[in-house]
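Peer 1: next comes the sequence, and after it the predicted model I'd like to discuss.
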Amino acid sequence: QVHLVESGGGLVQPGASLRLSCAPTGSSFRVNAMAWFRQAPGKEREFLAALSLPGGATNYADSVMDRFTMSAGDSAKNTVYLQMRRLKPEDTAVYYCAARAGIQATTFAATYDYWGQGTQVTVSA
């Protein structure tokens, strides 16, 4: 079983930056691709970014590709990060880390096998 531990959410002002982290625990050798999604109240879960491990290409949603950057840390631990810049109030949501055994960094939530508990990001003056 794989568990994903997220951290880094919080309350920030518009224009600020924030970095989220996600670290798999347990049978992390089963993880070959990871992604970030978010869900705002009353809205569907939205894809943000995904990458194949280790060191694969990254896919981004058009809506965030100029402000968000997904990266991988130590390949042995499969930790991934989501660096968010120039945050806007509409970025307010619960942010989720996801992982899958398949090697393709897909954009579809249904293709991911494991999910974190979510971390709240609130952008407000």
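Peer 2: Nice, I can see it.
Peer 1: where does the chain have low pLDDT?
Peer 2: 74-77 (pLDDT under 70).
Peer 1: ranges for the helices of this protein?
Peer 2: For the chain, no helices are identified by DSSP state H.
Peer 1: ok, what's across the strand from the residue nearest to Ala105 when sequence neighbours are not counted?
Peer 2: Excluding the flanking residues, the one nearest Ala105 by CB to CB, 6 or more residues apart in numbering is Ala50, at 3.8 Å. No exception for glycine: its C-beta is placed from N, CA and C like everyone else's. Beta bridges link Ala50 to Ala35, Asn59, judged by DSSP bridges.
Peer 1: so what's Ala50 up against?
Peer 2: Shown in contact with Ala50 (CB atoms under 8 Å, 6 or more residues apart in numbering): 33-36, 58-59, 70, 105-107.
Peer 1: next one: it from Ser21, what distance?
Peer 2: According to CB to CB, to the nearest Å, Ala50 and Ser21 sit 16 Å apart.
Peer 1: other residues contacting stretch 101-114?
Peer 2: With contacts defined as CB under 8 Å, 6+ apart, stretch 101-114 is touched by 2-4, 24, 30-35, 37, 45, 47, 50-52, 56-59, 61, 98-100.
Peer 1: with just CA atoms, put it into CSV.
Peer 2: In CSV, the C-alpha atoms belonging to stretch 101-114 read as follows (Å, rounded to 0.1, in the frame of the first residue of the first chain):
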residue,chain,number,x,y,z
ALA,A,101,1.7,2.6,-10.9
GLY,A,102,1.5,3.2,-14.6
ILE,A,103,4.4,5.1,-16.1
GLN,A,104,2.4,7.7,-18.0
ALA,A,105,1.8,11.0,-16.4
THR,A,106,-1.8,11.3,-17.2
THR,A,107,-4.2,14.2,-16.6
PHE,A,108,-7.2,12.1,-15.6
ALA,A,109,-7.9,11.7,-11.9
ALA,A,110,-9.5,8.3,-12.4
THR,A,111,-6.2,6.9,-13.6
TYR,A,112,-4.4,7.5,-10.3
ASP,A,113,-4.3,4.7,-7.8
TYR,A,114,-3.3,6.6,-4.6
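Peer 1: sounds good, over and out.
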